[in-house]
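Asks: Provide a 3D model corresponding to the input given below.
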Amino acid sequence: MRRLTKGQAPPTQRFVTALLASFLGAVLLSQGVLGFAGEPTGAVAEPAATVLANAEEALPVDPASLPENTLPTPFPEQPDGTLKLPPKEPDIPEIAPGAGSEAVPAAADIDADSTLGRSLLLSGLSPEVAKRSEILIEADRLYQAGDRDDAELLYRAAKDPEWLAETGPELAIAPLIDPAQLSPAGQVYWREAQAGAESEFPNRVLVPLELLVENYPEFLPGQALYARYLVQNDRADEAAQVLDGAIARYPYNPDLLKAQAEVQMAREQWIEAAITANQFAILNPEHPEAEAMSALARQNLDRFRGEMNQTLTRNLVSNIITGAAGYILTGGLLGPFSALNSGILMMQGESGLGNQVAEQVKRQLPIVDDPEIRAYVNDMGQRLAALTGRDEFDYTFEVIMDDSLNAFALPGGKIFLNAGAITKSHSEAELAGLVGHELSHAVLSHSFQMVTQGNLTASLASFIPIPEVANIAAGLVVSGYSRDMERQSDILGTKLLATSRYAADGLHNLMLTLEDEYGNQGVTWFASHPNPGDRVSYLKQLIDQGGFDRYAYEGVETHLKMRYKMNQLITQYKLEQGIDEDEPIQDRQR
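Replies: The predicted structure is shown next:
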């Protein structure tokens with residue numbers, strides 16, 4: 001019988017130990033502890049097919065709703081219409097309140113490839129959103145590495161099931177540019193319309209054009225000619241309606257953009273015409289008329305400024321007269337002083353007014369001063385602002401220490417986001433969608449137009465959701481923008497995303513996330529903008545029919561790092577201010 005050396009375990013004990021070790025290893029592997037999340041820092045993103053082939057759990061989606069190219073290939077077996085995701089529920093530890101409150105770590109120091117780092121980033125997300133975020137992180141890495149094809153496969157796998165499950169508009173129809181592509185009947189309508197345009201009989205143009213636009217809406221030269229005909233016959237409002245539908249389907253088409261600028265000029269919508277002409281040049285840089293449209297954008301911007309100066313001068317005189325009348329009737333000096341002060345302030349123009357009110361906001365509300373958060377929001381905003389064509393503004397992007405989701409834009413490009421906009425969004429593209437929407441309000445001069453059309457304080461109250469600013473009465477929300485203004489900002493904001501590196505569905509996804517999680521109640525920004533459900537559907541239509549790219553950069557990893565840090569900063573602020581963890585910051589500010 002073999003003798004045991006000192007310290008050597010009996011064979012039976014060694015066998016049992018090895019068996020237990022194998023069993024423990026199998027358990028750890030099955031739980032994913034030794035798998036995906038534990039890769040070393042700096043690991044190269046796995047190929048899309050590998051990530052998807054290793055995924056076992058599926059989120060159902062109707063196979064009939066999927067296009068043939070929705071899911072990537074090759075697969076071990078034929079696609080079955082399901083989204084393959086990692087089987088492991090994210091290991092998300094509870095973070096104790098106030099943890100790290102004395103010194104919030106830099107977001108850049110979080111290792112997203114470590115088990116702890118990945119868990120910190122996914123903390124607070126639902127299991128489904130966490131799984132989708134992990135796939136989008138890998139897709140973003142491939143996208144940034146230049147592997148756009150594999151990146152698109154992962155983007156499709158993560159995003160298409162939910163997108164296809166939405167009730168959407170009719171399928172996009174390819175545009176027609178060449179009359180030879182029309183059917184014989186369509187070619188007859190087009191020839192008759194052109195012949196009628198050269199005659200002196202309006203009905204000879206109207207009838208064939210109406211038939212052409214009704215039966216062949218995808219024939220874009222017909223849409224443009226019909227709009228111009230309506231303008232020539234003092235029917236600019238009808239022309240605008242015709243082009244709105246066409247441009248929603250084909251937002252890049254230069255003929256439609258040029259016709260839209262002409263219609264807007266006919267309606268004396270100078271700032272809208274300037275933006276449209278600038279979009280023509282940005283979206284079609286190689287077009288022979290790109291330079292001329294850029295010049296037209298500058299001319300329309302000058303017209304807008306001239307008209308605003310005249311309006312402001314009239315309002316200043318009116319305010320002085322009103323204030324003097326109030327003094328005569330009441331003997332109080334506050335009326336004349338307030339009226340004169342408001343008039344002088346407005347005469348400073350958009351930038352001057354925006355600067356004045358922005359300083360008031362920063363004096364009265366807590367502004368986040370963390371360098372990483374400020375750089376993150378500012379870099380995003382400046383990239384989008386550079387595409388708008390209004391270079392005269394000094395754009396600034398500030399974050400208010402408030403955990404509710406809210407945002408507003410001041411004249412002159414002063415944009416304010418609540419910290420809750422960072423913590424309640426799931427990607428950089430979603431946050432950029434919100435920034436782009438508010439930025440569009442500023443570059444389209446919506447708030448400044450409102451100010452010039454009425455009393456300064458009352459107008460400010462319409463688009464600034466902060467009761468403390470400018471002595472605005474409590475309880476105000478962002479309710480002053482018209483439906484047209486909101487729609488214009490949705491369209492321009494989405495175009496800004498599509499023209500930049502971001503996925504074009506960022507704003508759509510933000511609205512959908514909030515609608516699913518909160519409904520129309522409880523979220524200030526979302527609830528104060530009308531008909532969110534309708535706008536979600538409309539944005540889907542705009543993206544689908546406009547051919548905007550949804551499979552571009554989402555920025556999930558960077559955003560989740562900033563989201564985690566912002567949550568820590570909010571916790572630290574609440575501790576310092578004696579605010580309960582579950583109490584909204586804005587309730588204490590009132």
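Asks: residues in contact with stretch 185-198?
Replies: Contacting residues not belonging to stretch 185-198 are listed as 179-180, 182, 202-209, 211-212, 215-216, 219, 221-222, 225, 229 [CB atoms under 8 Å, 6 or more residues apart in numbering]. Using the backbone N, CA and C atoms, a C-beta is placed for each residue, glycine as well.
Asks: which residues in the protein form strands?
Replies: For the chain, the strands defined by DSSP state E occupy 57-60, 82-85, 396-400, 407-410, 414-418.
Asks: which stretch in the ones you listed is the model least sure about?
Replies: Of all the strands of the chain, the minimum mean pLDDT falls on strand 82-85 (a mean of 40).
Asks: ok, Ala429 - contacts?
Replies: Counted by CB under 8 Å, 6+ apart, Ala429 has contacts Leu497, Tyr502, Ala503, Asp505, Gly506, Asn509, Ala552, Tyr553, Glu554, Gly555.
Asks: ok, and the closest non-adjacent residue to it?
Replies: Gly506 (3.6 Å; CB to CB, 6 or more residues apart in numbering).
Asks: which ones are touching the residue nearest to Ser199 when sequence neighbours are not counted?
Replies: Distance criterion CB to CB, 6+ apart; nearest residue to Ser199, sequence neighbours excluded, is Val205 at 7.8 Å. By CB under 8 Å, 6+ apart, the contact set of Val205 is Ala193, Gly196, Ala197, Ser199, Tyr229.
Asks: the first one - nearest residue in space that isn't next to it in sequence?
Replies: Nearest residue to Ala193 in three dimensions, chain neighbours excluded: Pro208, at 4.3 Å (CB to CB, 6+ apart).
Asks: and what of the last one?
Replies: Here the nearest residue to Tyr229 in space, its sequence neighbours aside, is Val205; by CB to CB, 6+ apart that works out to 5.5 Å.
Asks: what separation do you get for the one you found and Pro179?
Replies: 16 Å (CB to CB, to the nearest Å).
Asks: ok, Gln260 next?
Replies: 21 Å.
Asks: same drill for those two, tell me which one is more crowded.
Replies: A count of neighbours by other CB atoms under 10 Å puts Gln260 above the other of Gln260 and Pro179, at 26 against 15.
Asks: correct me, but the more buried one touches Ile275?
Replies: No. Judged on CB atoms under 8 Å, Gln260 makes no contact with Ile275 at a distance of 10.1 Å.
Asks: shaky segments in the stretch 451-590 of the chain?
Replies: Counting by pLDDT under 70, the stretch 451-590 of the chain shows low-confidence ranges at 451-480, 484, 516-534, 587-590.
Asks: any idea how far the residue nearest to Tyr229 is from Val231?
Replies: Distance from Val205 to Val231, by CB to CB: 13 Å.
Asks: repeat for Ile271
Replies: The value you get for Ile271 to Val231, if CB to CB is used, is 19 Å.
Asks: so which of these two has more stuff around it?
Replies: Ile271 (23 against 20).
Asks: that one - nearest residue in space that isn't next to it in sequence?
Replies: Looking at Ile271 with CB to CB, 6+ apart, the closest residue is Phe304, at 4.5 Å.
Asks: Thr558: neighbouring residues, count only.
Replies: 19.
Asks: spatially nearest residue to it (excluding sequence neighbours)?
Replies: Glu428 (5.8 Å).
Asks: now do the contacts for the one you found.
Replies: Taking CB under 8 Å, 6+ apart, one finds Met380, Tyr502, Tyr553, Glu554, Gly555, Val556, Thr558, His559 in contact with Glu428.
Asks: next step: the residues you listed restricted to helices.
Replies: Met380, Val556, Thr558, His559 (DSSP state H).
Asks: help me confirm that the third one comes into contact with Tyr376.
Replies: Yep, that's Thr558 we're talking about. Yes. Between Thr558 and Tyr376 there is a contact under CB under 8 Å: 7.4 Å.
Asks: rewinding a little: which among the ones in helices among the contacts of Glu428 gets closest to Lys159?
Replies: Closest to Lys159 out of the ones in helices among the contacts of Glu428 is Val556 (11.4 Å), distances taken as CB to CB.
Asks: where's the closest one relative to Lys495, distance?
Replies: Counting by CB to CB - Val556 and Lys495 are separated by 23 Å.
Asks: so between the two, which is more surrounded?
Replies: Remark: of Val556 and Lys495, Val556 carries more neighbours, 27 against 24, as counted by other CB under 10 Å.
Asks: for the nearest residue to the more buried one once chain neighbours are set aside, give me its contacts.
Replies: Excluding the flanking residues, the one nearest Val556 by CB to CB, 6+ apart is Leu136, at 4.3 Å. Going by CB under 8 Å, 6+ apart, Leu136 touches Leu154, Tyr155, Ala158, Lys159, Ser427, Glu554, Val556.
Asks: try it again with 10 Å
Replies: 143, 151, 154-155, 157-159, 426-427, 429, 503, 553-557, 559-560 (CB atoms under 10 Å, 6 or more residues apart in numbering).
Asks: do Val231 as well
Replies: Asp237, Glu238, Ala239, Ala240, Ala259, Glu262, Val263, Met265, Ala266, Arg267.
Asks: now the two most distant members of those residues.
Replies: Greatest spatial distance among those (CB to CB): Glu238 and Met265, at 15.8 Å.
Asks: for those two, indicate the residue with more neighbours.
Replies: Comparing Glu238 with Met265 by neighbour count (other CB under 10 Å), the higher total belongs to Met265, at 21 against 15.
Asks: that one against Ala236, yeah?
Replies: Yes. Between Met265 and Ala236 a contact is recorded at 9.2 Å, counting by CB atoms under 10 Å.
Asks: on that earlier part again, just the buried residues of the contacts of Val231.
Replies: Buried residues within the contacts of Val231, defined by neighbour count using 16 or more other CB atoms under 10 Å: Ala239, Ala240, Ala259, Glu262, Val263, Met265, Ala266.
Asks: top of the contacts of Val205 by neighbour count?
Replies: In those, the most neighbours by other CB under 10 Å go to Ala193, 24 neighbours.
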